[in-house]
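In: with the input below, show me the fold.
(one chain, ligands or ions: 1)
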Amino acid sequence: MKRLFLSDLHLLCEDTGAFLRFKECLQQEARRVDEIYILGDLVEMWIGDDDDSKIAAALKQVLRSTTADCPVFIMHGNRDFLFGEAFTGATGVTMLADPFLTTDGILLCHGDTLCTDDLSYQRLRQTLRDPQWQAEILQKTLNERKVFGAGLRAQSRSSNANKPTNIMDVNAKATQALMSHYGAHTLIHGHTHRPGRHEHDNFLRLVMGAWMHCGWLCRQNGSSFSLECFSLARRYEI
Ligand SMILES: [Mn+2]
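Out: Below you'll find the predicted structure:
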């Protein structure tokens, strides 16, 4: 099985290096791998499937053409928790529950549920993922949601700036408990923006980085996993 995993692209505009590399990456990899997984925070903020911005249209177009060649699975992150049925219908992607266990024992999650030391974030997450709260947000006009989304991003920046960095990483006990519960041998996640390969006693943990200074992906080829980073300034070539 050949799979490609991405996360935390935080795409903001359709004409940035990150967006162009994302497009090239999906176009090329869709012909080479069996499945593509995007484990949350694909975009910087998703304010609803009716978003009429250029990036929303460009994103849907890229995903639509990719799913014609290769199945694409997407997990909600803490920025794109409003991806809904209209989005999946327009793009052909399949949404995944968080966490998701593959048939070959790989556990996938965005990563934020494991940051249990960050109590204020966990409280916020409960609200953001509450279906009733989401339904109320989606009742607002598109313009109201644009303002709301910008406020949420600003709030995230300022609250994270004042937090000790260790509480924004995954909690070791929570991670171990999750892996034992699912009996998985490998964990792949993002969210923390701390890319790395961690060989734990009884499982491997691969953390994808955010697409800031470079692009990141995790590649599975059978039982081997590699973490790769690449320039966002030059055309993506396999
Ligand atoms: Mn995140």
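
In: and the strand or helix carrying Arg64, what does it pack against?
Out: Using DSSP states H and E, the element containing Arg64 is helix 54-67. Contacts defined by 3 or more CB pairs under 8 Å, 6 or more residues apart in numbering; DSSP states H and E place helix 54-67 against helix 17-29, helix 85-91. For glycine as for every other residue, the C-beta is placed from the backbone atoms N, C-alpha and C.

In: what comes up buried for the last one?
Out: Of the residues in helix 85-91, 87-88, 90-91 count as buried by neighbour count, 16 or more other CB atoms under 10 Å.

In: between those residues, which sits nearest the ion?
Out: For the buried residues of helix 85-91, the residue nearest the ion by CB to the ion is Phe87; the value is 17.9 Å.

In: residues touching the nearest residue to that closest one once chain neighbours are set aside, list them.
Out: In space, and not counting its chain neighbours, Phe87 is closest to Asp49: 4.4 Å by CB to CB, 6 or more residues apart in numbering. By CB atoms under 8 Å, 6 or more residues apart in numbering, the residues touching Asp49 are 82-87, 90.

In: please report phi then psi for Asp49.
Out: With angles defined as degrees, to the nearest 10, Asp49 sits at phi -70, psi -10.

In: in this protein, where is pLDDT below threshold?
Out: Across the chain, not a single residue meets the criterion (pLDDT under 70).

In: tell me, what residue is most central in it?
Out: Gly40 (1.7 Å; CA atoms, centre = their mean).

In: ok, which residues in the protein are in contact with the ion?
Out: 41, 77-78, 191 (CB under 5 Å from the ion).

In: redo the contacts of Asp49 as a markdown table? Include distance to Asp69.
Out: Formatted as a markdown table, these follow (distance: CB to CB, whole Å):
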| residue | distance to Asp69 |
| --- | --- |
| Leu82 | 27 |
| Phe83 | 21 |
| Gly84 | 24 |
| Glu85 | 23 |
| Ala86 | 22 |
| Phe87 | 19 |
| Ala90 | 17 |
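
In: sorry, back to before: can you give me the angle the helix holding Arg64 makes with helix 17-29?
Out: Counting by axes from the mean of the first three to the mean of the last three CA atoms, to 10 degrees, helix 54-67 lies at 10 degrees to helix 17-29.

In: can I get helix 54-67 in CSV? Just the C-alpha atoms.
Out: Output of helix 54-67 as CSV, limited to C-alpha atoms (Å, rounded to 0.1, in the frame of the first residue of the first chain):
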residue,chain,number,x,y,z
LYS,A,54,-11.2,32.5,-4.7
ILE,A,55,-9.3,30.1,-2.5
ALA,A,56,-12.4,28.1,-1.7
ALA,A,57,-13.1,27.7,-5.4
ALA,A,58,-9.5,26.9,-6.3
LEU,A,59,-9.3,24.4,-3.4
LYS,A,60,-12.5,22.6,-4.6
GLN,A,61,-11.1,22.4,-8.1
VAL,A,62,-7.8,20.9,-7.1
LEU,A,63,-9.5,18.3,-4.9
ARG,A,64,-12.1,17.5,-7.6
SER,A,65,-9.4,16.8,-10.2
THR,A,66,-7.3,14.8,-7.7
THR,A,67,-10.2,12.5,-6.6
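
In: and after that helix, which helix or strand comes next?
Out: Following helix 54-67 toward the C-terminus (DSSP H and E): strand 72-75.

In: now the two most distant members of the buried residues of helix 85-91.
Out: Greatest spacing in those, by CB to CB: Thr88 and Ala90 (7.5 Å).

In: check this protein for the residue nearest the ion and tell me.
Out: Across the chain, the shortest distance to the ion (CB to the ion) belongs to His191, at 3.8 Å.
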